[in-house]
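Undergrad: Provided below are the primary sequence and the corresponding predicted coordinates.
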Amino acid sequence: MLVVEDEPNLRLLLRRLLGDSGYRVTTAANGADGLRAGLADEYDLIILDLMLPDIRGEDVLHVLMASRPDARVLVLSSAPEVGRRVEVLNSGAVDFLGKPFANAELLARIRARIRADEAPTPIRAQRYLSGAGVELDLQRHELLMDGRRIELSQREFVLLAHLLHRKGEVCTRQELLAGVWGIGFDTRTNVVDVYVRRLRAKLAADSIETVRNVGYRFVAC
């Protein structure tokens with residue numbers, strides 16, 4: 001299991017609680033470390049706090065689901081708004097448990113989610129993102145275009161997955177900085193523009209549109 005929680009005492013409690021229940025636990029104290037761990041390895045369950053010091057938990061969830069659509073994420077948060085809870089469930093989280101919580105309830109929910117016999121979805125829905133003549137294989141970390149394999153760096157891959165997941169919608173530069181680079185504040189960097197140029201050099205030039213003064217959009221067709 002992966003626990004992404006910034007509060008040290010709660011992080012330690014979760015590590016001990018889950019460890020005593022027989023689970024192997026990896027912890028991360030912020031969103032950037034949580035994303036790195038979540039993208040590097042596969043976990044039976046990811047427990048994710050929303051109120052992280054560097055990246056919004058919703059953005060962490062979004063990138064995780066774009067890269068690993070079969071991941072199970074249980075959101076653990078004190079966020080009181082019903083709309084925020086609905087948002088993370090609609091974004092792919094398998095459960096939401098509010099803080100404070102009872103240890104017994106958390107363990108029961110974890111067991112239920114791990115053993116859940118979910119109806120299988122078509123393999124292509126689990127594995128591929130596509131658009132504008134390209135197909136991104138999320139399991140093999142490969143980009144295919146016209147039957148050819150195109151080499152991508154890890155950062156290019158995550159950026160393209162983010163854009164394809166939001167195909168047809170505008171992604172702001174700040175959203176891309178947070179979701180792809182783990183930068184939760186405005187650094188005045190042009191790294192997003194640089195990597196978009198790199199992707200355009202490898203894809204059809206018009207597949208990624210510039211939305212002036214806002215960000216970028218992967219074409220919907």
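TA: It's in.
Undergrad: which residues of this structure fall in helices?
TA: 8-20, 31-40, 57-67, 82-90, 103-115, 123-127, 154-165, 173-176, 191-202 (DSSP state H).
Undergrad: quick one: which of those is nearest G215?
TA: helix 173-176 (4.9 Å; C-beta to C-beta). Yep, even glycine has a C-beta here, placed from its N, CA and C like the rest.
Undergrad: Can you tell me how far A205 is from G133?
TA: Look at A205 and G133: by C-beta to C-beta, to the nearest Å, they are 12 Å apart.
Undergrad: Between those two, which is the more surrounded one?
TA: G133 (12 against 7; other C-beta atoms under 10 Å).
Undergrad: Could you measure from that one over to V94?
TA: Taking C-beta to C-beta, one finds G133 at 33 Å from V94.
Undergrad: looking at this structure, which helix or strand is least sure?
TA: Within the chain, judged by mean pLDDT, DSSP states H and E, the helix or strand with the poorest mean is helix 123-127; its value is a mean of 49.
Undergrad: these two touch, right, L97 and L106?
TA: Yes - if you go by C-beta atoms under 8 Å, L97 and L106 touch, sitting 6.2 Å apart.
Undergrad: More neighbours: which of those two?
TA: Set L97 next to L106 and count neighbours by other C-beta under 10 Å: L106 wins out with 19 against 16.
Undergrad: wait, what's in contact with that one?
TA: By C-beta atoms under 8 Å, 6 or more residues apart in numbering, the contact list for L106 reads 17, 76, 97.
Undergrad: Looking at those, spot the one nearest A112.
TA: L97 (11.5 Å).
Undergrad: With adjacent residues omitted, what lies nearest to the closest one?
TA: L76 (5.3 Å; C-beta to C-beta, 6 or more residues apart in numbering).
Undergrad: Could you measure from the one you found over to E5?
TA: Noted for L76: a distance of 7 Å to E5, by C-beta to C-beta.
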